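Trainee: I'll drop the sequence and a predicted model, then ask my questions.
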Amino acid sequence: MPWIKNVEDYLRDYDKVFCVSKTIKSVFDNLYPQFNRKSEVFYNFVDINNILFKSQEFIPIEFDKKEYNIVSVGRLTEQKGFDIVLKAAYILKKKDFKFKWFVIGDGKDKKKLNKQLRKLKLEDSFFFLGKKANPYPYVKNADLFVLPSRHEGYGLATLEARILKKMVIVSDLPVSREQI
């Protein structure tokens with residue numbers, strides 16, 4: 001939590017510090033043991049009915065039912081680990097597995113990731129779709145949801161995929177174990 005250095009001088013002025021997961025609370029309590037009585041877990045609110053409703057708005061035209069459709073959602077930054085899944089996609093392609101992998105999101109690493117995609121010759125099976133106002137139909141209609149993050153506060157995209165009853169693969173992180 002490198003960002004917390006910006007506010008640590010003010011922690012003594014607060015009655016409560018809310019953490020988005022048990023993992024984050026544990027990290028906070030270890031960093032600031034003098035404030036551990038102030039910290040509590042407060043999960044993000046999620047509108048399950050809205051997610052289920054929005055997931056039915058359309059069927060993604062990009063999906064090919066003859067192939068295995070994989071979806072990942074997140075910012076294109078090092079934290080989210082999309083360089084890792086490009087390597088995984090390369091291995092799948094080398095093993096002649098028929099798939100299409102779609103990543104929904106945008107971010108500062110887009111050019112670097114597209115360069116890696118071209119280097120691995122994955123243009124026919126791996127696609128950066130950019131930011132989508134409604135990613136839920138992609139997740140709902142996918143065969144698999146993958147969240148390859150190097151670190152997460154909670155993993156809201158994982159929770160949303162679980163709400164949509166998707167098979168999920170996530171990085172082995174303490175916060176992922178909180179859900180899976």
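Mentor: Sure, I can see it.
Trainee: could you pick out the longest helix of the protein?
Mentor: helix 82-94 (DSSP state H).
Trainee: and the next element down the chain from it?
Mentor: strand 99-104 (DSSP states H and E).
Trainee: residues touching the helix or strand following that following strand, excluding its own?
Mentor: Counting by DSSP H and E, the next helix or strand C-terminal to strand 99-104 is helix 110-119. Where contact means C-beta atoms under 8 Å, 6 or more residues apart in numbering, the residues beyond helix 110-119 that reach it are 76, 82-83, 86, 123, 126, 128. In this view, the C-beta of every residue, glycine as well, is placed from N, C-alpha and C.
Trainee: which one (most neighbours) among those?
Mentor: Within the contacts of helix 110-119, neighbour counts (other C-beta atoms under 10 Å) peak at Phe82, which reaches 28 neighbours.
Trainee: who touches that one in this structure?
Mentor: 72, 74, 76, 103, 109, 113, 148.
Trainee: close enough to count as contact, the fourth one and Lys131?
Mentor: This means Val103. No - in this structure, Val103 is not within contact of Lys131 by C-beta atoms under 8 Å, at 10.8 Å.
Trainee: quick check: angle from the longest helix of the chain to strand 99-104?
Mentor: Relative orientation of helix 82-94 versus strand 99-104 (axes from the mean of the first three to the mean of the last three C-alpha atoms, to 10 degrees): 170 degrees.
Trainee: how distant is helix 82-94 from the center of its chain?
Mentor: Here helix 82-94 is found 17 Å from its chain centre; the criterion is C-alpha atoms, centre = their mean, to the nearest Å.
Trainee: how many residues are close by Leu11?
Mentor: 15.
Trainee: tell me if it really is in a helix.
Mentor: Yes - applying DSSP: H, G, I helix; E, B strand; the rest coil, one finds Leu11 inside a helix.
Trainee: skipping adjacent residues, who's closest to it in space?
Mentor: Nearest in space to Leu11, with sequence neighbours left out and distances taken as C-beta to C-beta, 6 or more residues apart in numbering, is Phe35 at 5.4 Å.
Trainee: need the contact list for that neighbour.
Mentor: By C-beta under 8 Å, 6+ apart, the neighbours of Phe35 are 11-12, 17, 28-29.
Trainee: now Leu164
Mentor: So, once contact is read as C-beta under 8 Å, 6+ apart, Leu164 ends up touching 51-52, 55, 136, 139-140.
Trainee: related to what we said a few turns ago, more neighbours: which of Val103 and Lys131?
Mentor: Val103 (26 against 11).
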